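Chemist: Sequence and predicted structure are below.
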Amino acid sequence: MRWLLRVFLLLLGLGFMLALLCMAALMFAFSLLRWLFTGRKPQLVVVMDSYKKWQQNPPWAARPAAGDDIIDVPSRDIEPHQTRLPPADKKD
């Protein structure tokens, strides 16, 4: 009796996977037809193109140009202001 349940669940899973595969194929065909008639690229193509551009020019690898000037500014101490709250560790 257990093997019957296993076969049933296997067939149910295979049917579900087949239904998902058919829906994905239909969506893909629909997006290709829309691309053909409207000229708008499918979202997957747009995402993959932007990912490829991002891979070719990663933001963390950007180097400042050689002609950039570095401006050094003088530092100064900031005096405590009366309207600020006193430190929490002081007790009166």
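Modeler: Yep, that arrived. Numbering: from 1, shown residues only.
Chemist: Which positions in the host helix or strand of Phe37 come out as buried?
Modeler: Of the helices and strands defined by DSSP states H and E, Phe37 is found in helix 2-38. Buried residues in helix 2-38, defined by neighbour count with 16 or more other Cβ atoms under 10 Å: Ser31. Placement of C-beta: from N, CA and C, glycine included.
Chemist: Dump the next helix or strand after it to CSV, keeping only the CA atoms.
Modeler: Using DSSP H and E, the helix or strand that follows helix 2-38 in sequence is helix 43-56. Listed in CSV are the C-alpha atoms of helix 43-56, where the atom choice follows Å, rounded to 0.1, in the frame of the first residue of the first chain:
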residue,chain,number,x,y,z
GLN,A,43,12.6,41.8,-18.7
LEU,A,44,15.0,38.9,-18.5
VAL,A,45,17.1,40.3,-21.4
VAL,A,46,17.1,43.7,-19.8
VAL,A,47,18.2,42.3,-16.4
MET,A,48,21.0,40.2,-18.0
ASP,A,49,22.3,43.1,-20.1
SER,A,50,22.5,45.4,-17.0
TYR,A,51,24.2,42.6,-15.1
LYS,A,52,26.8,42.2,-17.8
LYS,A,53,27.5,45.9,-17.8
TRP,A,54,27.8,45.9,-14.0
GLN,A,55,30.3,43.0,-14.3
GLN,A,56,32.4,44.8,-16.8
